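>>> curious how this folds, go ahead:
(chains A, B and C)
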Amino acid sequence: MNEKEIQKTIEALKGKSIDMFGKDFLLTWEKSRDELDATFIVASALRALREANVSTKIWETGIAVSNFRDNSTRTRFSYASACDLLGLYVQDLDEGKSQIAHGETVRETANMISFLTEAIGIRDDMYLGEGDTYQREVAKSLDEGVKAGVLPARPAVINLQSDIDHPTQAMADFLHLADHFGGLDQLKGKKIAMTWAYSPSYGKPLSVPQGIIGLATRFGMDVALAHPEGYDLIPEVVALSKKQATASGGKFSHSNSMDEAFKNADIVYPKSWAPYDVMQQRVPLLHANDSAGLKDLEKKCLENNAKFKAWECTEEKMKLTKGGKALYMHCLPADITDVSCKAGEVAATVFDRYRDATYLEASYKPYIIAAMILLCKAKDPAGLLKDLMKRGTKRSMI
Amino acid sequence: MNEKEIQKTIEALKGKSIDMFGKDFLLTWEKSRDELDATFIVASALRALREANVSTKIWETGIAVSNFRDNSTRTRFSYASACDLLGLYVQDLDEGKSQIAHGETVRETANMISFLTEAIGIRDDMYLGEGDTYQREVAKSLDEGVKAGVLPARPAVINLQSDIDHPTQAMADFLHLADHFGGLDQLKGKKIAMTWAYSPSYGKPLSVPQGIIGLATRFGMDVALAHPEGYDLIPEVVALSKKQATASGGKFSHSNSMDEAFKNADIVYPKSWAPYDVMQQRVPLLHANDSAGLKDLEKKCLENNAKFKAWECTEEKMKLTKGGKALYMHCLPADITDVSCKAGEVAATVFDRYRDATYLEASYKPYIIAAMILLCKAKDPAGLLKDLMKRGTKRSMI
Amino acid sequence: MNEKEIQKTIEALKGKSIDMFGKDFLLTWEKSRDELDATFIVASALRALREANVSTKIWETGIAVSNFRDNSTRTRFSYASACDLLGLYVQDLDEGKSQIAHGETVRETANMISFLTEAIGIRDDMYLGEGDTYQREVAKSLDEGVKAGVLPARPAVINLQSDIDHPTQAMADFLHLADHFGGLDQLKGKKIAMTWAYSPSYGKPLSVPQGIIGLATRFGMDVALAHPEGYDLIPEVVALSKKQATASGGKFSHSNSMDEAFKNADIVYPKSWAPYDVMQQRVPLLHANDSAGLKDLEKKCLENNAKFKAWECTEEKMKLTKGGKALYMHCLPADITDVSCKAGEVAATVFDRYRDATYLEASYKPYIIAAMILLCKAKDPAGLLKDLMKRGTKRSMI
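You can find the predicted model right below:
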């Protein structure tokens, strides 16, 4: 984008009715369409500004907390990149190195880490029924801290993956789709297959498929959810997606057939996850550190998984899609047959063809996260972006 | 504070006779009253500047080392926040990931991490007789490094908790007291009860109570130290506190009665710690990694602790204080009865009433740490603060 | 250096024919003499600018990735200091905390961490035959990422120690030598003894001695490599060093006598390493996590090491050197007899005499790393350095 195009992008923000200031970004379905659109616009503007070598450093000093309760590579780097892009220093809350084990409450920790903090990114995806709850408890504690005059400002809580949603992933995926298809409005009527896929591992969170169906149904798409019998997502999220599909003038189908879902699809997103009820059974075992119980559950699940090896995104399956050329998507890392495992989610030849596309897909995440932080913190995001352009500080002297 | 008030605060610095440049901040009792006052003033000025959205970034680039030899949440975040506030990048010296195990000397490590370093924060509180010694060895090594022309400048060593003192905690606590009571001079004659309290855990460092009595006795306060028989602090620190109390026109009492200490107190600070002689016995066991010996010691201590469950800050105890309304303080996390443990240091209802106050108390720490660094590094701190105001760079564009 | 001298230093860059832009810094022998000289010049200029309190912050925002596959203290701090000096935020790729175990390919990870990244520093020195290969795989993946339009720019890969070379160490060592002897041209004809030395540990990488002989032979020096029989370096690196010595008008000798090497030496670099074939045997054992096999190998090696306790840099050995006053060098930490071990690489009295010199030697590393990054990223390094001077932002307000 040249300067004029960036300005036009920023102008587009003005027509949007947004009420994000002082709030968090936890679930996409808590945000209005205008707010989602605003997030895409700000992300695009930030990317364009960086590519035009304009510094988007909004803060001279300030802390961004990261709290990863599960492993992470790409989200960790995306979050660090996003925060640095805005001028924030990332301080990791490593619960193993902290005194939290001393019996400190969430309320207390949330305040203790927030005196000079602008944003708190949290990944908590392993414990069904708990991740989102934890994030809200942090958010509530921050509200109380501000109200009590303990905190000078309200840090924004950014969901970096919970048990329910993975909004930074889903939003990045959809900015990728918007760019790929020539705009968000081009998604209307497009068919997206969000399907389970076989994996030799188990216990993968439900948040990605839930995030995708929860977001795709906002844009009038034809959303086909498919998985083997028993591999259900959280029922409430499926119900919500159905309702959203109707409201946005789209469709929502739910089947046990990968072929059905792939048929004539414009986009396919084949990805493994653990069944809802297994995730439920796993929570008390994890809490009890019951390794024998966990092993039993794993064994049972892997045996069950093995019945569904046919749920692989092969060349044959791809042929079912629109013109055989659906866009393949994945949040990465994918289980690639004969590459990272013997049998996996996707055939090597299919993945190879779409490798760059999946990398590009991932490249949107830092900007999406930065946009979320910016929108939660800035009263006048359009004005702020204009100020950045006007200031014109070079990001790099090179 | 408005601009004029900040200027007035900075002016107050001019009357103080301070000799902190090029030195460290290890023990409050090594600093003159003027130097302590200067630290409070600079901390307040930095806080006010930040609240007025004035950037206090003194360094464009520069490293601040953190070395946590014990777990930490609030001090870790306070240190990171303080360093970021001044423009420093925190690099953690994680001894587990370093080559220090290869037999590297303190002298060598101290120099190796300091070529571009402005400050080194160290927590070393577990080993009685060693933490402060280690910090001084680092400091001495830095002196030698500067003298030998190896280091371009002397990084300031900041004690983030040693076996003897916890100055960033105690100083933050007292800035809180000054703000609460309307000025440091208002503390004269006020009674502060620094008492032991029951905890179901053991081995808590002595540095907090020592830091409090070592600092409170500088301000002409009526300091009441109380603990069960056998739960002594380091005798030299108690002796020093007595002397300081006399010198500052205050009082110092030392009893084995919580009630005695609470009686008519303006401030209470009930907090568990391990007895001095237990901490001494523990050191060789820790060094020898003698887990059986440590378990034995723990068992013996917990049994002994259990005799003193009455040392809890209950509503009844609070009624003994001045008007039943003493200010409750704690460095956090507190062992709260029926919240973080079955029986602990403080009753839930008492803690609840003072929760926000304790959080506010903690909020001073980042500014205290930043002030310590600034005063150790700046020849003309008042001039520097004025320059920051004059420069007027906004901390946040939002 | 005063301003004029800095300008003169920068001018010296203009005569150099360099082709480093968009590339990596992996092995010194892949770089021309002009490129090595340019690296020394830029490092000296950056150091002088910092000492003159001129900010060398080239980037307002940007990420530098560090990937330490082996422990590190000084290189970790040097890298962090270098990156901060240029304005980059260091994000560590901690493979233990990442999803890399999920079977992610190098290609994928390299792209995922690089969307907003300017430099990637990698230490991978333990696995003979693999470290350099890994670094090149990362580099190739980045090339592909740029080509595919996935990455907006090519991050520079900096070798922070591989199985073959340790260029940031060797280059820092030689900038130290240049300053010590009054210029790089003064090194011509000087004798440097790169010798094995006894250590009670085993498994030390070959990259330091290889780095030293691979670099010293570029400057027309008289390079004497010596080690006990069986303690070979990688044969190809030795062969290359011989060739380079001839090409640069120097000498290269290879013996099994420490005395021979020390005789009349201007510089001695006595340092332990594991024999080449042991390092080779160790790789499959490490991969297999074969702790019994590793213990066996260690035992055998330590027994063999013990035959060569006479390979210690004692006062007697030092007397063999030119006027008994050769410059002692070490990458640190050294195994010092009666200090860090019972019998080691160097006598305590010798080390004591040269302690400050070795610390000074280490002090060049941050600047060498910064220079490498700068030269890989800047099309016009001389122009950039001039711009920094012209901008004249103070690094520190103090």
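
>>> moving C-terminal of the strand or helix carrying A:Thr168, what's the next helix or strand?
Using DSSP states H and E, A:Thr168 falls within helix A:167-181. Counting by DSSP H and E, the next helix or strand C-terminal to helix A:167-181 is strand A:191-195.

>>> got a list of contacts for the helix or strand following that following strand?
Next along the chain after strand A:191-195, taking DSSP H and E as the criterion, comes helix A:207-216. Identification of contacts with helix A:207-216 by CB atoms under 8 Å, 6 or more residues apart in numbering or on different chains yields A:27-29, A:36, A:125, A:131, A:161-167, A:169-171, A:173-174, A:187, A:192, A:194, A:196, A:223, A:225, A:233-234, A:237-238, A:240-241, A:244, A:250, A:252, A:269, A:271, A:273, A:331. For glycine as for every other residue, the C-beta is placed from the backbone atoms N, C-alpha and C.

>>> which among these end up buried?
With burial judged by 16 or more other CB atoms under 10 Å in any protein chain shown, the buried subset of those is A:27-29, A:36, A:125, A:131, A:161-167, A:169-171, A:173-174, A:187, A:192, A:194, A:196, A:223, A:225, A:233-234, A:237-238, A:240-241, A:244, A:250, A:252, A:269, A:271, A:273, A:331.

>>> in helices only, show me those.
A:36, A:131, A:167, A:169-171, A:173-174, A:237-238, A:240-241, A:244 (DSSP state H).

>>> quick one: residues contacting A:Ser81.
Applying CB under 8 Å, 6+ apart to A:Ser81 gives the contacts A:Pro366, C:Ile63, C:Gln91, C:Phe115, C:Leu116, C:Thr117.

>>> at 6 Å instead, please
A:Pro366, C:Ile63, C:Leu116 (CB atoms under 6 Å, 6 or more residues apart in numbering or on different chains).

>>> for stretch A:49-59, what is the distance to the chain centroid?
On the basis of CA atoms, centre = their mean, to the nearest Å, stretch A:49-59 sits 23 Å off its chain's mean C-alpha point.

>>> over to stretch A:200-213?
That offset, for stretch A:200-213, works out to 11 Å (CA atoms, centre = their mean).

>>> per-residue pLDDT, A:Tyr231?
Here the pLDDT value assigned to A:Tyr231 is 96.

>>> return the helix or strand in chain A with minimum mean pLDDT.
Lowest on mean pLDDT, DSSP states H and E among the helices and strands of chain A sits helix A:276-287, with a mean of 89.

>>> just checking, what packs against that helix?
Counting by 3 or more CB pairs under 6 Å, 6 or more residues apart in numbering or on different chains; DSSP states H and E, the packing neighbours recorded for helix A:276-287 are helix A:291-306.

>>> domain assignment for chain A?
A:3-165+A:365-391, A:167-362 (automatic domain parsing).

>>> next up, phi/psi of whichever residue of the stretch 251-398 of chain A sits closest to chain B, please.
Ranked by CB to the nearest CB, the top residue of the stretch 251-398 of chain A for proximity to chain B is A:Ala378, at 5.0 Å. When quoted as degrees, to the nearest 10, the phi and psi of A:Ala378 stand at phi -100, psi 130.

>>> how deep is it tucked in, by neighbour count?
As a burial measure, A:Ala378 scores 20 neighbours (other CB atoms under 10 Å in any protein chain shown).

>>> repeat that for the one 5 residues further on.
With neighbours defined by other CB under 10 Å, the count for A:Gly383 comes to 15.

>>> now do the SS call for it.
Secondary structure assignment for A:Gly383 (DSSP: H, G, I helix; E, B strand; the rest coil): helix.

>>> so what's the residue count around A:Lys243?
A:Lys243 has 13 neighbouring residues, counting by other CB under 10 Å.

>>> need the contact list for it.
Counting by CB under 6 Å, 6+ apart, A:Lys243 has no contacts.

>>> that older thread, redo the domains of chain A as JSON lines? Include distance to B:Val54.
Formatted as JSON lines, those follow (distance: least, CB to CB, whole Å):
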{"stretch": "domain A:3-165+A:365-391", "distance to B:Val54": "10"}
{"stretch": "domain A:167-362", "distance to B:Val54": "33"}
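
>>> please name the nearest non-neighbouring residue to A:Glu104.
In this structure, A:Glu104 finds its nearest non-sequential neighbour in B:Pro333, 4.0 Å apart by CB to CB, 6 or more residues apart in numbering or on different chains.

>>> that's a helix at that neighbour, yeah?
No: counting by three-state DSSP, B:Pro333 is not found in a helix; it is coil.

>>> quickly note the distance from A:Ala343 to A:Ser199.
According to CB to CB, to the nearest Å, A:Ala343 stands 9 Å off from A:Ser199.
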